[in-house]
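K.L.:
Provide a 3D model corresponding to the input given below.
(one chain, ligands or ions: 1)
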Amino acid sequence: MRSVIAAGVLGVSVLLSGCDGMPGGEPDISALAEQWNTSDKQWSDADLLRLDRGQKFYKRTCAACHMGTGEGQVSVGAPALKDNAFVSHEVDPLIELVLEGKGTMPGFSHSVTGMELADILTYISNAWGNNSGMTFSMEQVDRLR
Ligand code: HEC
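P.N.:
Modelled structure (predicted):
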């Protein structure tokens with residue numbers, strides 16, 4: 001009788017740990033691949049996870065001004081990052097701008113880690129149709145800090 005109960009408990013915990021893609025759970029790689037892969041670009045699993053992390057960090061750190069849609073906000077003078085050649089073509093100037101800030105935009109060199117900024121920049125240079133195919137690394141960001 002006791003072993004039946006134990007098996008039941010084990011079954012439930014296996015079911016729970018299998019809930020990929022649930023809120024708070026591990027990201028679902030195949031859903032990310034569907035979201036990000038294009039005919040020109042097939043992302044590695046590691047890069048899909050960066051894009052996913054970048055989206056979360058972006059929402060927390062940048063979206064208040066630039067909006068979740070990347071369309072920017074005239075009232076705070078934050079330009080659109082969507083369809084933005086600076087965001088999809090520049091590497092070092094983009095990293096420097098986000099580290100140092102510009103005008104009323106604060107710099108993030110002291111409040112965000114190199115890895116988080118690399119993930120954010122990877123995200124914004126590919127989100128909303130920017131599709132640069134570029135990735136940014138923590139080393140690239142920290143080199144300019
Ligand atoms: C408090 C509001 C605010 C926040 C938060 C903010 N920005 Fe900005 N951002 C601005 C403003 C305002 C400008 C325009 C600066 C200027 O040109 O004077 C700007 C400009 C930019 C530009 C330059 C766009 C261009 O075409 O010149 C980029 C890229 C950018 N922000 C990215 C980010 C990223 C990435 C984050 C989060 C890490 C972020 N911003 C957070 C307000 C903000």
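
K.L.:
how many neighbours does the nearest residue to residue 125 once chain neighbours are set aside have?
P.N.:
Among residues not flanking residue 125 along the chain, residue 132 sits closest, at 4.3 Å (Cβ to Cβ, 6 or more residues apart in numbering). C-beta coordinates here come from the backbone N, C-alpha and C atoms, glycine included. By other Cβ atoms under 10 Å, the residues close to residue 132 number 18.

K.L.:
need the per-residue pLDDT for residue 132.
P.N.:
Predicted confidence (pLDDT) for residue 132: 95.

K.L.:
OK, contacts around it?
P.N.:
87, 88, 89, 125, 126 (Cβ atoms under 8 Å, 6 or more residues apart in numbering).

K.L.:
so it belongs to a strand, correct?
P.N.:
No. Counting by DSSP: H, G, I helix; E, B strand; the rest coil, residue 132 is located in no strand; its state is coil.

K.L.:
quick one: residues contacting the residue nearest the centre of the chain.
P.N.:
By Cα atoms, centre = their mean, the mean C-alpha position of the chain lies nearest to residue 54, the distance being 1.3 Å. Listed by Cβ under 8 Å, 6+ apart, the contact partners of residue 54 are 119, 120, 121, 122, 123, 124.
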